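In: any chance you could fold what I've pasted below:
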Amino acid sequence: MDLDDLLPRRKRDDALAALAAQDLDPLSVEELEARIAALETEIGRTRTKLDGARSFKSAADALFRKS
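Out: Below is the predicted model:
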């Protein structure tokens with residue numbers, strides 16, 4: 001049995017699923033533009049986190065790489 005099977009699963013997709021399921025029809029042009037701006041900001045924040053995670057992984061790989 002894998003250790004991951006014993007740990008509770010994080011529900012990462014709940015917020016994303018709720019966001020994707022939201023009805024956009026009642027939103028005004030201004031609300032849609034604000035939504036896009038907020039999503040673009042979140043994409044930037046996520047890309048920054050991803051870049052940091054990749055850098056950390058590269059550093060760890062280099063540290064533990066066998067010569």
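
In: which parts of the protein are helices?
Out: 13-21, 29-64 (DSSP state H).

In: what about residue 35, how many neighbours?
Out: 14 (other C-beta atoms under 10 Å). Placement of C-beta: from N, CA and C, glycine included.

In: what's the local residue count around the residue nearest to it when sequence neighbours are not counted?
Out: Computed as C-beta to C-beta, 6 or more residues apart in numbering, the closest residue to residue 35 that is not its neighbour in sequence is residue 27, at 6.9 Å. By the criterion of other C-beta under 10 Å, residue 27 has 13 neighbours.

In: same check on residue 48?
Out: 10.

In: distance of residue 35 from residue 26?
Out: Residue 35 is 12 Å from residue 26, where distance means C-beta to C-beta, to the nearest Å.

In: next up, phi/psi of the residue nearest to residue 35, please.
Out: The phi/psi pair for residue 27 (degrees, to the nearest 10) reads phi -80, psi 140.

In: okay, it and residue 53: tell me how far apart.
Out: Counting by C-beta to C-beta, the gap between residue 27 and residue 53 amounts to 33 Å.

In: and residue 64, by the same measure?
Out: From residue 64 to residue 53 the distance is 16 Å (C-beta to C-beta).

In: higher neighbour count, those two?
Out: With other C-beta under 10 Å as the criterion, residue 64 and residue 53 differ in neighbour count, and residue 53 comes out ahead with 10 against 7.
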